[in-house]
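Asks: show me the folded form of this:
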Amino acid sequence: MQLNLLTKQLSSAARWITTTVLCVSAIAFIWQGAFSSNMTAMANPNTSLIAAMDAGDKVQEKASKDAGRAKGFIEDTKDKVKQTAKNNAAKVDRATDANDNVFERKAKKDASFIEKRAEEDADRTQKAVDNTKNAVERTVDSIKDAFN
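Replies: Predicted coordinates:
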């Protein structure tokens, strides 16, 4: 009885394994056929290589342009934050009738703190943009080297 049960289980497992292997093989053959449909590229791989290198150069150029725009945006934002802080401190100064009181000192101190933080945040953000741009360039260079 035990032997009969074991035989049935092994037979069932063998059918599942066979079915899985056949399905994976069929998928692999279909997948391979989809990639080998461009016989021109296989006959002349240098054409594809040149096109890939041109595409890599375009990606690097776009990354540099985008980084430049991002840095400009960061600088504009930093300047606007600093200007707003100065304007708010000036409004408090005007509202307190030019007496050197606690509110004026606090407003000037806050404005100074906000300007300092704007500088720090802008610098940190620009470094992050540079790191991202450099990572893209390194990746594209690595891909180009792989094709060479």
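
Asks: could you give the mean pLDDT of the helix or strand where Cys23 lies?
Replies: Assigned by DSSP states H and E, Cys23 belongs to helix 2-35. For helix 2-35, mean pLDDT is 78.

Asks: next one: stretch 87-98
Replies: 75.

Asks: give me the buried stretch members for that stretch, please.
Replies: Neighbour-count burial for stretch 87-98, counted by 16 or more other C-beta atoms under 10 Å, picks out 89, 92-93. No exception for glycine: its C-beta is placed from N, CA and C like everyone else's.

Asks: just how off-centre is the longest helix along the chain within its chain?
Replies: Looking across the chain with DSSP state H, the single longest helix is helix 45-95. The chain centre lies 15 Å from the centre of helix 45-95; the measure is C-alpha atoms, centre = their mean, to the nearest Å.

Asks: same for it, what does it pack against?
Replies: helix 39-43, helix 102-147 (3 or more C-beta pairs under 8 Å, 6 or more residues apart in numbering; DSSP states H and E).
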